[in-house]
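Student: Got a predicted structure here, sequence first:
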Amino acid sequence: AWKDSIDQKWMHSYSADALPDMRQAGEESPTLAVAKAAGPRAVQALADVPMRCGGCGAKVGASVLSRVMKKLDAPTRDEVEVGLNSPDDCALLRPPPPTHSLVQTVDFFRSFLPDPYLFGQIAAVHALGDCWAMGAEPVSALATAQVPFGLESKVEDDLYQMMAGAASVLKQANCALVGGHSCEGSELALGFAVNGIVERGTALTKGGMLPGQVLMLTKALGTGALFAADMRHKAKGWWIEEATDSMRQPSDVAANILRQRGATAATDVTGFGLLGHLVEMAEASEVSLALDLDCLPVMSGAVDVTKQGITSSLQSQNEKISRRIKNQQAASTLDIYPLLFDPQTSGGLLASVPRAQAEDCLKDLISAGYHRSAIVGEILSANPKIEDSESTCSISTINLRSKLL
């Protein structure tokens with residue numbers, strides 16, 4: 001009975017009679033007052049917020065979409081037979097010649113910047129990165145764009161700014177924007193399905209590393225930690241500006257330089273962090289590696305924020321790959337160690353290059369504007385085979401090197 005009385009008292013505290021009077025009679029909410037000041041359309045938009053539909057009821061309105069596409073300088077190519085110039089249910093493109101293979105990739109993520117134009121640029125560079133890493137030429141892209149519900153003028157401007165930023169990158173890459181899909185959501189988000197072509201037998205895969213080669217990285221690390229700090233208002237403005245400039249930089253020229261200098265394997269460093277992608281390459285190539293921590297390029301402020309315990313929400317998942325580090329216990333005490341697992345957005349290319357070409361390759365990259373490029377390690381040896389009664393396998397390991405170890 002005593003517990004029942006406690007429960008009833010607690011439940012009564014949430015009844016209409018017990019709740020405090022938050023406003024005087026006749027007083028309207030500040031949000032409604034602002035909406036009224038903005039006009040009847042704002043009042044109607046506010047009334048529509050609580051009950052937004054899903055499915056195709058969540059699409060951006062046709063009039064908004066039409067106005068955005070008319071303003072957008074969308075790139076095209078000769079291969080496009082039906083695209084944004086005459087929208088249809090699907091885009092039509094001529095297939096690649098028999099001498100080439102078709103390359104397909106997709107990326108999508110939500111915004112981490114208040115500027116939709118910059119976000120659009122970064123999302124496009126990130127999506128094209130897989131094509132460039134394989135030595136492929138991007139040909140076409142389909143966009144998936146999400147914008148928050150709001151006043152029609154605001155939705156239109158957000159969508160246009162985001163897509164204009166993306167289109168500027170696609171145009172520079174000579175990649176046609178051929179269509180896509182738009183919808184409402186809680187925040188800005190953008191992604192692309194990208195098609196490209198590469199001459200048969202020339203694609204750079206993750207599995208082409210050879211013992212004796214060196215590892216080349218074309219961009220600095222730290223975007224995940226820096227933007228986690230920015231969300232907490234603990235990142236300096238110039239740190240974020242530097243990171244944003246890095247993410248906006250396309251990797252097409254870097255990819256061409258790496259190929260010209262004899263690269264045999266490559267990938268782009270993105271969500272799984274440097275070590276995660278390095279282990280993928282090592283496993284595919286069946287080799288073990290050495291990574292020189294003192295040579296890793298790191299963005300300004302990245303070490304500062306990780307020393308405060310600020311990391312990306314994906315950090316703990318990425319750190320599970322640490323079991324592949326031979327000297328993990330000793331290396332984990334170094335300040336740079338957390339950045340091995342830092343998820344990168346629009347990160348650099350990681351490639352294996354013949355040792356004889358490495359210095360010239362590095363000079364070419366720096367001259368082309370990839371100023372934080374660095375030689376960061378080497379491929380040590382092929383893995384010994386481990387056999388049992390059922391299978392044969394090899395285990396790739398990473399040895400971390402530093403003057404502090």
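Tutor: Sure thing, it's come through.

Student: The longest helix seen in the chain - what's its average pLDDT?
Tutor: Looking across the chain with DSSP state H, the single longest helix is helix 152-172. If you average the pLDDT over helix 152-172, you get 94.

Student: packing partners for that helix?
Tutor: Judged by 3 or more Cβ pairs under 8 Å, 6 or more residues apart in numbering; DSSP states H and E, helix 152-172 is in contact with helix 62-71, helix 116-133, strand 137-148, strand 176-185, strand 189-199. In this view, the C-beta of every residue, glycine as well, is placed from N, C-alpha and C.

Student: Of all the ones you listed, which one comes closest to A235?
Tutor: A235 sits nearest to helix 116-133 of all the helices and strands packed on helix 152-172, at 15.7 Å, using Cβ to Cβ.

Student: how far out from the middle of the chain is the closest one?
Tutor: Relative to its chain's centre, helix 116-133 lies at 8 Å (Cα atoms, centre = their mean, to the nearest Å).

Student: quick revisit: now the angle from the longest helix of the chain to helix 116-133?
Tutor: 30 degrees (axes from the mean of the first three to the mean of the last three Cα atoms, to 10 degrees).

Student: Pull out the buried residues from helix 152-172.
Tutor: 155-171 (16 or more other Cβ atoms under 10 Å).

Student: Could you do stretch 98-105 as well?
Tutor: H100, S101, V103, T105.

Student: same question, stretch 230-245
Tutor: D230, A235, W239, I240, E242, A243, T244.

Student: Stretch 251-268 now?
Tutor: 251-255, 257-258, 261, 263-268.

Student: Okay, and which of those residues map to strands?
Tutor: A265, A266, T267, D268 (DSSP state E).

Student: closest to C53 among the residues you listed?
Tutor: Of those, the one sitting nearest to C53 (Cβ to Cβ) turns out to be D268, at 37.1 Å.

Student: hey, what's that closest one bridged with?
Tutor: L349 (DSSP bridges).

Student: got a list of what it touches?
Tutor: G129, D130, W132, A133, S251, H277, G347, G348, L349, L350 (Cβ atoms under 8 Å, 6 or more residues apart in numbering).

Student: Does D4 belong to a helix, a strand or coil?
Tutor: helix (DSSP: H, G, I helix; E, B strand; the rest coil).

Student: Can you give me the pLDDT of it?
Tutor: Looking at D4, its pLDDT reads 80.

Student: can you count the residues close to it?
Tutor: Neighbours of D4 under the rule other Cβ atoms under 10 Å: 8.

Student: And for K307?
Tutor: Using other Cβ under 10 Å: K307 sits among 10 other residues.

Student: my read: it touches D335, true?
Tutor: Yes. Between K307 and D335 a contact is recorded at 6.2 Å, counting by Cβ atoms under 8 Å.

Student: what about the helices in the stretch 251-400 of the chain?
Tutor: 252-260, 273-285, 302-307, 315-318, 328-331, 355-367 (DSSP state H, counting those that start in this stretch).

Student: which one of the ones you listed is the most hemmed in?
Tutor: helix 273-285 (a mean of 22; mean count of other Cβ atoms under 10 Å).

Student: List the contacts of L72.
Tutor: Y160, M163, A164, A167.

Student: next one: phi and psi at it?
Tutor: phi -80, psi 130 (degrees, to the nearest 10).

Student: Just the pLDDT for it.
Tutor: At L72, pLDDT is 94.

Student: Not including adjacent chain positions, what is the nearest residue to R67?
Tutor: Leaving aside its sequence neighbours, R67 sits nearest to E156 (Cβ to Cβ, 6 or more residues apart in numbering; 6.0 Å).

Student: burial of R401, as a residue count?
Tutor: R401 sits with 16 neighbouring residues when counted by other Cβ under 10 Å.

Student: Tell me if I'm right that it and L296 touch.
Tutor: No. Counting by Cβ under 8 Å, R401 stays clear of L296, with 10.8 Å between them.

Student: which of the helices and strands packed on helix 152-172 is buried the deepest?
Tutor: Taking mean count of other Cβ under 10 Å, helix 116-133 is the most buried of the helices and strands packed on helix 152-172, at a mean of 26.

Student: Kindly confirm my reading that E241 is in a helix.
Tutor: Yes. The assignment for E241 is a helix, going by three-state DSSP.

Student: Any figure for the gap between it and G201?
Tutor: Using Cβ to Cβ, to the nearest Å, one obtains 42 Å as the distance from E241 to G201.

Student: Ok, V169 next?
Tutor: From V169 to G201 the distance is 29 Å (Cβ to Cβ).

Student: do the same with V155
Tutor: 47 Å.

Student: Could I get the contacting residues of A358?
Tutor: Contacts of A358 (Cβ under 8 Å, 6+ apart): V214, M216, R261, I375.

Student: thought G276 was touching Q344?
Tutor: No. Assessed by Cβ under 8 Å, G276 is found out of contact with Q344, at 10.0 Å.

Student: Touching both of the two, which residues are there?
Tutor: Going by Cβ under 8 Å, 6+ apart, no residue sits against G276 while also sitting against Q344.

Student: Need the three-state assignment for K403.
Tutor: K403 ends up coil, using three-state DSSP.

Student: The nearest residue to it once chain neighbours are set aside: neighbouring residues, count only.
Tutor: Leaving out its chain neighbours, the residue that sits closest to K403 by Cβ to Cβ, 6+ apart is D294, at 5.9 Å. Counted with other Cβ under 10 Å, residues neighbouring D294 total 12.

Student: Can you give me the pLDDT of D294?
Tutor: Reported pLDDT for D294: 96.
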